[in-house]
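Engineer: Just a sequence and a predicted model for now, questions to come.
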Amino acid sequence: MKKKDFVVRFAGEGGQGFLSAAQGFASANTTAGYHSQTFATFPSQITGGPTWMQARIATYPIHTRGDELDVLVVFNEEAFQNHKGELHKNGVVLYDSEKLEVSENMRKLGLPFEKLGKSTGNARAANMVMLGALATLVNLPLDILEEFIRRRWGDVSRYGETIVPANIKALELGKEEALKSSFSVGELELPTKSKHDQILLNGNEAIALGAIHAGVNFFVGYPISPATSILVWMQKNLVGEGKFVYQASSEIEAITALLGAGYSGAKAMTSTAGPGFSLMSEGLGMGWIAEIPLVIVDVQRGGPATGLPTKTEQSDFLSALNPAHGDVMLPVIAPGTVEECFYATIAAFNWAETYQGPVILLSEHSLSERQQNIIRPDLSKIKVENRNIFSGEGEYQRYQSDNVSPMPIPGSAGSYVANASEHDGVGDTTHLPHRHVEMTNRRFSKLSLLQDGSYESENLDSGTVILPWGGSKGSGREAYDRLIREGYSVGWAYTMFLHPLPPDLLSVLKDQDLVLVPELNYLGQFSSYLRALGINAHSITQYTGLPFKVGDLVEMIKEKLDS
Amino acid sequence: MKKKDFVVRFAGEGGQGFLSAAQGFASANTTAGYHSQTFATFPSQITGGPTWMQARIATYPIHTRGDELDVLVVFNEEAFQNHKGELHKNGVVLYDSEKLEVSENMRKLGLPFEKLGKSTGNARAANMVMLGALATLVNLPLDILEEFIRRRWGDVSRYGETIVPANIKALELGKEEALKSSFSVGELELPTKSKHDQILLNGNEAIALGAIHAGVNFFVGYPISPATSILVWMQKNLVGEGKFVYQASSEIEAITALLGAGYSGAKAMTSTAGPGFSLMSEGLGMGWIAEIPLVIVDVQRGGPATGLPTKTEQSDFLSALNPAHGDVMLPVIAPGTVEECFYATIAAFNWAETYQGPVILLSEHSLSERQQNIIRPDLSKIKVENRNIFSGEGEYQRYQSDNVSPMPIPGSAGSYVANASEHDGVGDTTHLPHRHVEMTNRRFSKLSLLQDGSYESENLDSGTVILPWGGSKGSGREAYDRLIREGYSVGWAYTMFLHPLPPDLLSVLKDQDLVLVPELNYLGQFSSYLRALGINAHSITQYTGLPFKVGDLVEMIKEKLDS
Amino acid sequence: MSKKNPEYDFKWCPGCGDFGVRRALEQSLNKRIVDLEEPIENTVVVAGIGCSGNLVHLLEGVQPYGIHGLHGRSLPISFGVKMSRPELNVVVVAGDGDFLSIGMEHIGPQAQRNLNVCVVVMDNAVYGLTKGQSSPTSDLGMITSSTPYGKIETGLNPLRLYLTLGVSFIASAMSSKIKDLADLIYRGMEHPGFAIVHVQSPCTVYNDTYEVLKGNAKKGIAPIAWNIPDDHDVTNWQAGVNLLDNGGIPIGLLYSSKERVTLDDKIQSEKLPVPDMEKLFNTYQV
Amino acid sequence: MSKKNPEYDFKWCPGCGDFGVRRALEQSLNKRIVDLEEPIENTVVVAGIGCSGNLVHLLEGVQPYGIHGLHGRSLPISFGVKMSRPELNVVVVAGDGDFLSIGMEHIGPQAQRNLNVCVVVMDNAVYGLTKGQSSPTSDLGMITSSTPYGKIETGLNPLRLYLTLGVSFIASAMSSKIKDLADLIYRGMEHPGFAIVHVQSPCTVYNDTYEVLKGNAKKGIAPIAWNIPDDHDVTNWQAGVNLLDNGGIPIGLLYSSKERVTLDDKIQSEKLPVPDMEKLFNTYQV
Ligand SMILES: Cc1ncc(C[n+]2csc(CCOP(=O)(O)OP(=O)(O)O)c2C)c(N)n1
Ligand SMILES: Cc1ncc(C[n+]2csc(CCOP(=O)(O)OP(=O)(O)O)c2C)c(N)n1
Ligand code: SF4
Ligand code: SF4
Ligand SMILES: [Mg+2]
Ligand SMILES: [Mg+2]
């Protein structure tokens, strides 16, 4: 049987230039019709330091980056030592024999990348030698990479005429050497080209694109890993008349600027991570009480406080839900894949416009740094909501009904005060008990407008379901598939709409004997919220700063199922 | 049968000077051996505006301010209209006949306070006339008030010789007029003087005193209602060598200053309310991860955002528990009475020192403005904890064990870095997965040191308990007592140690079929946390900005019990 | 508050300086309606938290839009309003504690950007609404409820701070001179850039400075307020700085420069074409 | 980091200015150990978040105490340390973004109080750790990842700001002149009051200003840094202000005044007797 996927990891020192080769490799395979998912981790230091990137290539849509490595490509000793443990028992280590020696007894192939590369006449072809060898080890036809080379360096006016043939020559040199080694990790099935166009991007890019489609026209943010790339993307692309993008002096400035913008009619957004999110606490409370549509992206990293800026975690759920003092419970949408990052962002704007209040988009480090191919969205099929705007004349009670009411926009009739204190119909401060009751009811009843969230479910009869959230969706799904293949009786449920939950899903979950929630935090944050809702939920937690490995998760689920 | 208690409310315009008379009334009764509880509400405006104060006087220790009024004393028409609805059907309205007319058919007594007062020769004796009439209506011996007058104005060198006799004369004038009316609300039993000394104070004063006894030596805060009086008290009293008190430029400055002080060995404290608490979010997360002892008082007011600054609510529980992003869960202690405010503060410092981290003291507006007599604490019986300080030599791993470890103090050996990022033993930043796991476990395992919280419980066999928290204790207790008297089978449980809960109480609660939680918020915040812990808890909520009335609460509990 | 609102329960104390500021703001807004034919709905008043900020609910007559937000955050909120809708007239009303203590961090960035809003600061050198604590502009040694043994910090000179931070229109006024104040506010709103009208607005309850400001010949109290001379060159930054060296509180227009363009005019990216989704997708096409 | 720490995974990039600042700080601390016979444990280094703040983990040799806290909050944290333990030597190390953007609100209050700590600002006019966004000291028009079409705000002049806010010791330095820098830091720590040593510390990756600072005769680039003349009167505030009018970046001690007492010496309430619980209870006795 031919292989359906393989995993390769490239590891070395930042600045060694192998990252772009690795990215090219993934992109070439995607072009050829394979599915791919990459994941990179960067050190906290800026130059140098241990860096690695992993690519999983498959003939079918994949959920995770893969647990074990088929090929490990290393560029220095430290990288070899750090990563060799994750190599599959039949895996091969491909290494730069000018940089390190591998004395261990294992399937290994050392090549002088640099020397072979230079022999092609292109001084920078070392990485092409490496890719040629790699492709051969995984039985990937070279023409996929050749096509990539032609596209990448084909512009003769920019790159001259010699680079393409030299790089192709380098590929072949790599291939020859690999063939000599006679190692192989099994032949890969040919890809079936999808009938849909594919785009290859990471989670943060998907969020930015989603926001543009949803109509964002005001973005103010403050740099913070792993959310910075959204700000930087917006600075470049959110241009043109009526669009405003700015780097704030702090997250407090960002959230309060958003309040002013959302009030004035803008579709306003910011992106941040834990520490910045905590600083937004007071402002988020105001968005809720003054009923101002806003979208706040929290790309979670390890917490608490400054925490683990370059690692992944799902530990901001509780503060996303109840970010501030007082009775506040914000809508929370947490995408689980790069594709969902795009759709979740549009949903977040739609919700914000619909219920007129802040919506939290809870992404995470692992999604932000993961590149994945997704079907190019068909924009004509995506609904974009716009808030109900007051268009009447004369005086108007903006906060009058026990539900959402049309919102006046400055410049037109309907003046009122958006007030962070409790208020009456026109927004003047009041302390009357019945007003606080009415207005509190109003604010919470608006949440009932957000019941359109979709969800997945399968196999609900067994009484036990696996319900991961956010970025743990991928590992959760692969674990579920594996358990089913092994004959376990277990169900699957998933939604990115964490609050409010889709009502049908809620009742489905209440009917289950046991809901197992894989999540990357200590407290079991999502499951504790589910238990408060009356669901018998139990978490399977991990808090290493890394995503679940599917194998580990399968074991942890089995333990729960068997006990 | 003689009456055991009565309730009187004084209502008028701020600045009319009746508040001090009302306070004197309560204090005079307390001196005489009665128990008293007062409650005042102030308008948000500074001068004038509708103001009222209520005093409940009883022969036994009381839990609430009382639902219905025996006497309503009013000084203007608006006050009469606003408050008459709360008068007991046998209640009497006593009013200033120079300021308003009461035409309604009810038990009423209008006197020209001012005119009668002036007739005594003291131009400011109007309030004494009022008190004389009031005392007569409730059958209180006049000598209690006479004694008060002698104490208050007896200093001849300051007040001269005429005020005391004139005021006593005014009392008598009031009495005569009241006797003419022949109304009475029933004769009050004589008080039994407690064998313990009593002090009369409000919740914020009790907190401040508790902090002094616990050894606070660093206090930085920013003004905010209803916490300002703690800051102001400290500014005046936290004096002397080694003590530091300061008004910060913001709550962010306050919490981060505390971090520096707690790190340096101080017993550091701040006080705030909702908006300020939200701003402290990031700093609290750092206190948790860097393991710095701190005490943060949140005197809750109505939320969210700027909310209802002068009203009461218990809606900051969720943000006290999980104030910041990441895996954080802070210890929370919520006093339920003025007396508990004192002991809870000492407990908060003890906890902070014991587990080396921030502790939230969750008080509320209704406690801060309530004056109550309490037994003067016997300081010799109160344990004060001090953190375990590292006293060794040479290099030291401050974060080494899987539990609390001695804390080095700058100036002595043991240098380390208190780090808000994840760290190794000496506090240097690290991203190693096993470290984050170890340190997370360490931070949560320290909570197990805080299991010494006491709790109350009664009548646990029925399977249903009433478990109020914080300032709802009083109404909860009176409701429980009433239900028991009416023959309902229901239990009682209470603790001010909300997290971690006393372990025995936790298991008791888990064994109950139903735990009813009266709390002043919309979300049912405490009960949702209890459900997450596996307890079948249901809230009885109110969110008017006012405390529960006992009668209302009894009805609401009955509804739940009967359904 | 478009008509007498029975639910609204805040009133300023008798004699409070904020009454004058309200009147002046009303006058300047009315003048815009008449002179500029601008509807009142084109104005957004962003208010801080304090006695001062309550102004937004106490305006009489036709009602502008308003935001009454968070303590210290009126400036960044106004930034959001203005930059999403540059055609609006945006006015900030704030207290000295609100603007110069907890909100202080926001002045510099807006000055550097030259955000086109007009700020009216009601300075009573005390925290009014929380009942009398010290503020950044309280004098050294002042006794307040939070400084029972005298204030330790030197009082901040807000005008010097504004000059240093690069505020492009700076006026100093007294709440009791309503016409002058209305005129300064009007000009501040008209000024293309970041304008601050800093008003001495005494708190009759916690810091009654009427007498100190205006002096009292009978009691031999010299006024600390003095009028900026007519020949003062308001476009000369250094002249503004030098004026402050005279001490006391200068009243009038201190500095006004139109040299720097406003933030809304600076945004170059707005002149680029609006992004097209399909084109953006193309850049990710495999 | 008392010895090579295998877990600590941050390193500055080759050529980063912060190496020089670290060396200078080490030298000044060692001088204290020798000259003042002060144990190293008497020093607390409070660090901000940024490449710069990582200094606290990279110090070589004997180790002071350290706090590595929150972005922008090193100053108020140091306030807590100093005011609870006035006998400690407290040093803040922060970046330009950390100190002047998100942390900007904290400078004024400490200057007014004259808090007795020494701040070392490592100014590279860019956000290093988050990979190259603009900072308050980035120049107008500068292209960074967050200003792809050029920076819109004018660059802040931090020295002028410090003078206006009332900082009582202000020095300007370059990271490459280690001895001078060590000397200024030493004097800043010795200064009784709030001291800031503002260091030009170039970021070789995102804003390499070595050449601009020092000039390059061959390329015809004039240096923007220039030495403050020996006869500059550092006790004269106005002289400091005037010096800045020359433009460029003056290097050396700009201002130093011991006229105002420090916060710890001002606290009058510390001279009162410590409160006694029983006496306090008595005031509430009925
Ligand atoms: C975050 C936050 N902290 C504190 C408060 C409480 N607070 C309300 S007004 C005020 C100060 C008011 O002083 P100022 O700004 O000078 O206004 P004034 O009342 O004097 O007009 C404070 C501290 C608050 N509402 N929010
Ligand atoms: C509240 C918060 N916001 C944002 C960040 C992300 N962050 C880390 S360092 C930094 C800026 C660093 O710039 P600077 O202070 O100039 O230091 P440098 O790296 O240039 O030395 C930012 C924005 C954070 N850690 N915390
Ligand atoms: S307290 Fe002072 S500032 Fe507030 S309303 Fe009264 S006089 Fe005005
Ligand atoms: S990115 Fe810049 S500031 Fe940071 S270490 Fe590298 S050179 Fe230094
Ligand atoms: Mg004020
Ligand atoms: Mg920098």
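Structural biologist: Everything's here; your move. Ligands and ions are numbered 1, 2, ... in the order given.
Engineer: all helices for the stretch 1-150 of chain A, in order.
Structural biologist: Assigned by DSSP state H, counting those that start in this stretch, the helices in the stretch 1-150 of chain A fall at A:18-31, A:77-83, A:113-118, A:126-137, A:142-153.
Engineer: now the stretch 1-150 of chain C
Structural biologist: Ranges of helices in the stretch 1-150 of chain C, per DSSP H, counting those that start in this stretch, are C:18-35, C:55-58, C:74-84, C:96-97, C:107-113.
Engineer: hang on, the earlier thing: so for A:Ser363, which of the helices of the stretch 1-150 of chain A sits nearest?
Structural biologist: A:Ser363 lies closest, by C-beta to C-beta, to one member of the helices of the stretch 1-150 of chain A: helix A:18-31, at 20.8 Å. All C-beta spots, glycine's among them, are computed from the backbone N, C-alpha and C.
Engineer: Can you spell out which helices and strands pack onto the closest one?
Structural biologist: Judged by 3 or more C-beta pairs under 8 Å, 6 or more residues apart in numbering or on different chains; DSSP states H and E, helix A:18-31 is in contact with strand A:5-13, strand A:35-41, strand A:50-58, helix A:126-137, helix A:142-153, strand A:198-202, strand A:370-375.
Engineer: Minimum distance to A:Thr429: which of the helices of the stretch 1-150 of chain C has it?
Structural biologist: For the helices of the stretch 1-150 of chain C, the distance to A:Thr429 is smallest for helix C:55-58, at 6.2 Å, taking C-beta to C-beta.
Engineer: What lies in contact with that closest one?
Structural biologist: Outside of helix C:55-58, the residues within contact range by C-beta atoms under 8 Å, 6 or more residues apart in numbering or on different chains are A:417, A:428-429, C:1, C:5, C:8, C:10, C:12, C:18, C:21-22, C:25, C:45, C:47, C:66-68, C:93, C:122.
Engineer: what sits against A:Leu533?
Structural biologist: Contacts for A:Leu533 (C-beta under 8 Å, 6+ apart) come out as A:Leu501, A:Leu506, A:Lys510.
Engineer: got a pLDDT number for the first one?
Structural biologist: In this model, A:Leu501 is scored at 98, pLDDT.
Engineer: Contact partners for the closest residue to it other than its chain neighbours?
Structural biologist: Once flanking residues are discounted, A:Leu501 sits nearest to A:Thr495: 6.6 Å by C-beta to C-beta, 6 or more residues apart in numbering or on different chains. Residues in contact with A:Thr495 (C-beta under 8 Å, 6+ apart) are A:Gly453, A:Ser454, A:Tyr455, A:Glu456, A:Trp469, A:Leu501, A:Pro502, A:Leu505.
Engineer: would you put the C-alpha positions of the host helix or strand of A:Gly476 in CSV?
Structural biologist: A:Gly476 is part of helix A:473-485, with elements assigned from DSSP states H and E. What follows is helix A:473-485, C-alpha atoms only, in CSV (Å, rounded to 0.1, in the frame of the first residue of the first chain):
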residue,chain,number,x,y,z
LYS,A,473,-9.9,20.3,17.2
GLY,A,474,-7.3,18.8,14.9
SER,A,475,-5.8,16.4,17.5
GLY,A,476,-9.2,15.8,18.9
ARG,A,477,-10.5,14.7,15.5
GLU,A,478,-7.6,12.5,14.7
ALA,A,479,-7.8,10.9,18.1
TYR,A,480,-11.6,10.3,17.6
ASP,A,481,-11.0,8.8,14.1
ARG,A,482,-8.3,6.5,15.6
LEU,A,483,-10.6,5.4,18.4
ILE,A,484,-13.4,4.6,16.1
ARG,A,485,-11.1,2.6,13.9
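Engineer: Buried residues, that helix. List them.
Structural biologist: With burial defined by 16 or more other C-beta atoms under 10 Å in any protein chain shown, the residues of helix A:473-485 counted as buried are A:Lys473, A:Gly474, A:Ser475, A:Gly476, A:Arg477, A:Glu478, A:Ala479, A:Tyr480, A:Leu483.
Engineer: Stretch C:174-188 too?
Structural biologist: Neighbour counts over stretch C:174-188 (16+ other C-beta under 10 Å) mark C:174-178, C:180-188 as buried.
Engineer: cool, stretch A:120-134 as well?
Structural biologist: Residues A:Thr120, A:Asn122, A:Ala125, A:Ala126, A:Asn127, A:Met128, A:Val129, A:Met130, A:Leu131, A:Gly132, A:Ala133, A:Leu134 are the ones in stretch A:120-134 that count as buried (16+ other C-beta under 10 Å).
Engineer: ok, now which ones touch the first one?
Structural biologist: Put plainly, it is A:Thr120. A:Thr120 sits next to A:Met128, A:Ala166, A:Asn167, A:Lys169, A:Ala170, A:Leu173 when contact means C-beta under 8 Å, 6+ apart.
Engineer: Next, count neighbours for C:Met83.
Structural biologist: A total of 26 residues lie near C:Met83 under the criterion other C-beta atoms under 10 Å in any protein chain shown.
Engineer: next one: C:Glu87
Structural biologist: C:Glu87 has 10 neighbours, counted by other C-beta under 10 Å.
Engineer: The one 3 residues further on now?
Structural biologist: A count of nearby residues for C:Val90, using other C-beta under 10 Å, gives 30.
Engineer: now do C:Asn227
Structural biologist: 11.
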